[in-house]
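1. got a predicted model here, sequence first, then my questions.
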Amino acid sequence: MLSSTPLSIQEVKVKQLRCHDEIFWSCSSGLNLILGANGSGKTSLLEAVYLMAHGRSFRQARDPYLVKRGQERFFIQGNWKRFGPMNLSVAGRRGQTSVRLQGRDVQRRKDVSESFPVLVEAPQGRKIIDGVAGERRRWLDALVMTCYQGSAQQYTSYLRAVMQRSRLLRRRASSDELDAWEHQIVAYGLPIIQARKRLIEEMNVLLSEELELTETAVELSINTGYEEEAWLTRLQEKRESDLKSGGLRFGPHCDALKIAFQQREIRSAGSRGQQKLAAIAIKMAECAMWSRYRRLIPVLLLDDCLEALDHSRQYKVLKRLERSPAQVLMSAPDGVQIASDIDIRIQMLDRQGLTEAEHPISVQGETIVVMEEAA
Ligand SMILES: Nc1ncnc2c1ncn2[C@@H]1O[C@H](COP(=O)(O)OP(=O)(O)OP(=O)(O)O)[C@@H](O)[C@H]1O
């Protein structure tokens, strides 16, 4: 079997990004944790790594506040390892960022994000577990396109056919014209449904291997019950109502991905801790898919990833991450305790910058309690 290459970042230099004036972060290839007070700039450091790979922030709203207040520009420079050493840098000012790879301007951001896969789980990031249905669907479809060659084209053609049908409805086009585009909707839609089905099956197998972490099986599902003739008939019958409602409200572009736990949707039935464990298990499965189809092991950014977990589950998460072949960059607020048998590099962040921390971080001998609970 072909082996996969783990991507990793070794050094990050950040200038004038958010609260940081100038900071240098040296990362190890395994588990890395930044500890610091609220507002000390931990998330901003993870954001810097994401910005290099994606050219934009993972924080939700399009953010014009990346540049430090009172400054004109921010700079990020990173030394990565991907087969050999690679250099990525980002320069930005209000609303604009430019990415350079090995000193040359990057024209297509996608080329970098596909070659430098960086996955993120962050409270201010995309809400896959407890966000709106569209967020989950976009995440699923992005993973389908990552894993199965040619599927991106199916999505583009399908959406073009959906939009074209809406335009024709508004123009009161002939039934023949509409027929042709409705056939295209179905012809491009069916492979999308098949690809989603296949991906969900693969992900569910991977998630079933994370049972030790999630404790209860986490399962993904989406509507796959499309039948060609029935779909075409439905499209024909709904022409009038689709015209009135302003668009097509049925099809793969509307289906909701469900993430269930004990057969109930985790976003409403799961506790915050259970949702967190599911989110981490999903990231593990996503990493495995990248490794399987792209032969690359992504860097994982986990912001505040121990939040909402009790000591024994924090320990379990760290143990799981320790086993992962991925480089993991995490943040947590001051006061979190890490058991001594976790192989992890811990750095403390304050106004002076980052300093290596003693390990284990234990308050009043509670580490022992953590160990006992987890045993
Ligand atoms: N453009 C900016 N200029 C200056 N400071 C900023 C800017 N944007 C955000 N900040 C500040 O930067 C600080 C760092 O935010 P960040 O989210 O990185 O902190 P954090 O350590 O992750 O905090 P928490 O533990 O609360 O999640 C915050 O105090 C924020 O108000």
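-> Nice, I can see it.
2. for the rest of this, base every contact and every neighbour count on C-alpha atoms.
-> Will do.
3. number of nearby residues for residue 170?
-> 14 (other C-alpha atoms under 10 Å).
4. what's the answer for residue 95, then?
-> Using other C-alpha under 10 Å: residue 95 sits among 12 other residues.
5. surely it meets residue 67?
-> No: Residue 95 lies out of contact with residue 67 (C-alpha atoms under 8 Å); the separation is 9.4 Å.
6. near the ligand, which residues of the stretch 251-375 of the chain? Just list them.
-> residue 333 (C-alpha under 6 Å from any ligand atom).
7. now do the strands in the stretch 251-375 of the chain.
-> Here the stretch 251-375 of the chain has its strands, by DSSP state E, counting those that start in this stretch, at 258-261, 264-265, 296-297, 299-302, 328-333, 344-350, 353-356.
8. so which of the ones you listed gets nearest residue 147?
-> strand 296-297 (11.5 Å; C-alpha to C-alpha).
9. hmm, who's touching the closest one?
-> By C-alpha atoms under 8 Å, 6 or more residues apart in numbering, the surrounding residues in contact with strand 296-297 are 4, 5, 6, 7, 117, 287, 288, 290, 291, 325, 326.
10. ditto for stretch 81-91
-> Taking C-alpha under 8 Å, 6+ apart as the rule, stretch 81-91 contacts 5-10, 51-52, 55, 73-80, 97-103, 116.
11. mind giving me the ChimeraX select for those, buried ones only?
-> Buried residues within the contacts of stretch 81-91, by 16 or more other C-alpha atoms under 10 Å, are selected in ChimeraX with:
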select :5,6,7,8,9,51,52,55,73,74,75,76,77,78,79,80,97,98,99,100,101,116
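12. pretty sure residue 129 contacts residue 267?
-> Yes: in this structure, residue 129 is within contact of residue 267 by C-alpha under 8 Å, at 5.8 Å.
13. ramachandran coordinates for residue 155?
-> For residue 155, the backbone dihedrals (degrees, to the nearest 10) come out as phi -60, psi -50.
14. now residue 14: closest residue in space that isn't a chain neighbour?
-> The shortest distance from residue 14 to any residue other than its chain neighbours is 4.6 Å, reached at residue 76 (C-alpha to C-alpha, 6 or more residues apart in numbering).
15. the helix or strand encompassing residue 50 packs against which elements?
-> According to DSSP states H and E, residue 50 maps onto helix 42-54. Here helix 42-54 touches strand 8-17, strand 31-36, strand 74-82, strand 84-93, helix 109-115, strand 118-121, strand 328-333, going by 3 or more C-alpha pairs under 8 Å, 6 or more residues apart in numbering; DSSP states H and E.
16. how about residues contacting the last one?
-> Residues lying outside strand 328-333 but in contact with it, judged by C-alpha under 8 Å, 6+ apart, are 29-38, 42-43, 46, 299-307, 321.
17. tell me the buried residues within these.
-> 29-36, 42-43, 46, 299-307, 321.
18. pretty sure residue 200 sits in a helix.
-> Yes: with DSSP: H, G, I helix; E, B strand; the rest coil as the criterion, residue 200 is part of a helix.
19. might one say that it is in contact with residue 224?
-> No: judged on C-alpha under 8 Å, residue 200 makes no contact with residue 224 at a distance of 10.6 Å.
20. quick one on the thing from earlier: could I have the helix holding residue 50 exported to PDB, CA atoms only?
-> C-alpha atoms of helix 42-54 as PDB (Å, rounded to 0.1, in the frame of the first residue of the first chain):
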ATOM      1  CA  LYS A  42      -4.000  31.900  20.800                       C
ATOM      2  CA  THR A  43      -6.700  31.600  18.200                       C
ATOM      3  CA  SER A  44      -4.900  34.300  16.100                       C
ATOM      4  CA  LEU A  45      -1.800  32.100  15.900                       C
ATOM      5  CA  LEU A  46      -3.900  29.200  14.600                       C
ATOM      6  CA  GLU A  47      -5.600  31.600  12.300                       C
ATOM      7  CA  ALA A  48      -2.100  32.600  10.900                       C
ATOM      8  CA  VAL A  49      -1.500  28.900  10.000                       C
ATOM      9  CA  TYR A  50      -4.900  28.700   8.300                       C
ATOM     10  CA  LEU A  51      -4.400  31.900   6.400                       C
ATOM     11  CA  MET A  52      -1.200  30.600   4.800                       C
ATOM     12  CA  ALA A  53      -3.000  27.500   3.500                       C
ATOM     13  CA  HIS A  54      -6.400  29.100   2.600                       C
END
